[in-house]
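Participant: this one's sequence-less:
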């Protein structure tokens, strides 16, 4: 499957160069794949002989099912790749489910990505190619192929465009309402968990999440309660809207850390996360690519200058990594932006214990450089290779100096290998490091609770909200208004 980074990168570049976005859906896709698995036929004994209407003897066909099997997906994958190659598409090396079509005389390719039987096609100023592709797909897969030449939705993402400004805002309007209706429908009537007894006096969502802990193994029951299962299902459901509602990222990660055996008040924390999600949804939060962007970004810090969180991310790729060390919940956070908006945004728990702050920061820098290398490859396949190294910001001086070779390992030789790969990427000019002050660190809100002003500024920068496209053209976005109904607490 094409991952979220690939999808967002394609949308970001479509906004940049004002490409058309088409979506194609194959009908009855698994049955159209060429079967490669062996089948067998068992003939029935004479005592149970069965014949068809013409008198021919019938048997039992043995074979694995089309649906719910990895092999079925493999067969569809192989069939799609072969068919696209026949049409002239080339599969991108090292990038799953992405194909390019280079046309003579053009400086960039037409790009296709696949999610099983759903295709997204980015076509740059070439309506004739769109016509030919639609005809080819219908010839190969039948007239039942659904083809949208002016698509506004793909893989749960819905977008609205301002083509004169070359801006595109992507949201996920369906998921938030589904989550609310399933786990806290009272919110649709204006009943807020934060005002209806879910919080104790003097408590807020942050302190509640920090208080949640997994009980010792010997104190756990053999089976989860219905409420605990509801928490697990709710956390899973919240992960989908969190792809564009980035304010959910850290609270949801905190809650996920106890999801293996949710403690008693985890249900309250889940409902408060749903309220947070709903507020962001009703504000129209999303991720915007393009528009009027500030130049330089974190490059300013690398050149000895200063740029606050009020400045937008640049049009080029940019990344930041931050870490929290010495707590019960040591994590690192990563952001990669392209054309102003976040194409990757993650919070991860360290897999091993960090014995110093700069070891944790080094891990964050290493992991975000992995994402940067992948994103640079995607951009090259899109025909817009980055000419300069991608800036990666860090707010830890020791990490910065170690990566640049300005300090010796000293008593940290046991973790020195961490910086070897970073140094290799610096040497080949794939990345460039910038030391960013803590108050201006864009990824700070992913690893710790920060003041409201910094949180809002950080989210605005990650989502490029100042360039958000006005006018919602997708499904109507209901708001939590209205009085509490008599049965709202049921």
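Facilitator: Everything's here; your move. Model, not experiment: these values are computed from the prediction.

Participant: Name the SS class of residue 312, please.
Facilitator: The three-state assignment at residue 312 reads coil, by DSSP: H, G, I helix; E, B strand; the rest coil.

Participant: residues contacting it?
Facilitator: Counting by C-beta atoms under 8 Å, 6 or more residues apart in numbering, residue 312 touches 293-294, 297, 340, 461, 464, 466-467. For every residue, glycine as well, the C-beta is placed using N, CA and C.

Participant: Check pLDDT for the residues you listed and point me to the minimum.
Facilitator: Ranked by pLDDT, the contacts of residue 312 bottom out at residue 297, which scores 84.

Participant: What average pLDDT does the longest helix along the chain get?
Facilitator: In the chain, taking DSSP state H as the definition, the longest helix is helix 357-381. The average pLDDT within helix 357-381 is 91.

Participant: What are the buried residues along it?
Facilitator: For helix 357-381, the neighbour count (16 or more other C-beta atoms under 10 Å) marks 358-369, 371-372, 374-379, 381 as buried.

Participant: Mind checking which of the contacts of residue 312 land in helices?
Facilitator: residue 461.

Participant: Where does the prediction get shaky in the chain?
Facilitator: Scanning the chain for pLDDT under 70 picks out 1, 30-32, 37-38, 63-73, 355, 406-418, 471-490.

Participant: can you map out the helices along it?
Facilitator: Here the chain has its helices, by DSSP H, at 4-17, 29-32, 70-87, 127-141, 174-183, 205-211, 226-238, 249-256, 266-283, 299-302, 357-381, 397-404, 418-427, 452-463.

Participant: between those helices, which one is nearest to residue 108?
Facilitator: Evaluated with C-beta to C-beta, these place helix 4-17 nearest to residue 108, the distance being 7.2 Å.

Participant: From residue 103, how far out is residue 331?
Facilitator: If you measure residue 331 against residue 103 using C-beta to C-beta, to the nearest Å, the figure is 45 Å.

Participant: More neighbours: these two, which one.
Facilitator: Taking neighbours as other C-beta atoms under 10 Å, residue 331 and residue 103 compare with residue 331 leading, 23 against 13.

Participant: now that one, which residues is it bridged with?
Facilitator: Beta bridges link residue 331 to residue 324, residue 349 when assigned by DSSP bridges.

Participant: Now for it: which residues touch it?
Facilitator: Counted by C-beta under 8 Å, 6+ apart, residue 331 has contacts 253, 323-324, 347-350, 446-447.

Participant: ok, now how distant is it from residue 250?
Facilitator: Separation of residue 331 from residue 250 (C-beta to C-beta) stands at 8 Å.

Participant: likewise residue 318?
Facilitator: With the distance defined as C-beta to C-beta, residue 318 ends up 20 Å from residue 250.

Participant: likewise residue 16?
Facilitator: Distance check for residue 16 against residue 250: by C-beta to C-beta, it reads 29 Å.

Participant: Same check on residue 6?
Facilitator: Distance, residue 6 to residue 250, using C-beta to C-beta: 24 Å.

Participant: okay, those two: which has more neighbours?
Facilitator: In terms of neighbours (other C-beta under 10 Å), residue 6 is the more surrounded of residue 6 and residue 250; the figures are 25 against 22.

Participant: Look up how far residue 259 lies from the more buried one.
Facilitator: Per C-beta to C-beta, residue 6 is found 27 Å from residue 259.

Participant: Kindly report the same for residue 106.
Facilitator: Per C-beta to C-beta, residue 106 is found 48 Å from residue 259.

Participant: Could you do residue 21 as well?
Facilitator: 36 Å.

Participant: Same drill for these two, tell me which one is more crowded.
Facilitator: Here residue 21 and residue 259 are compared on neighbour count by other C-beta under 10 Å; more neighbours surround residue 21, at 22 against 18.

Participant: Perfect, that will be all.
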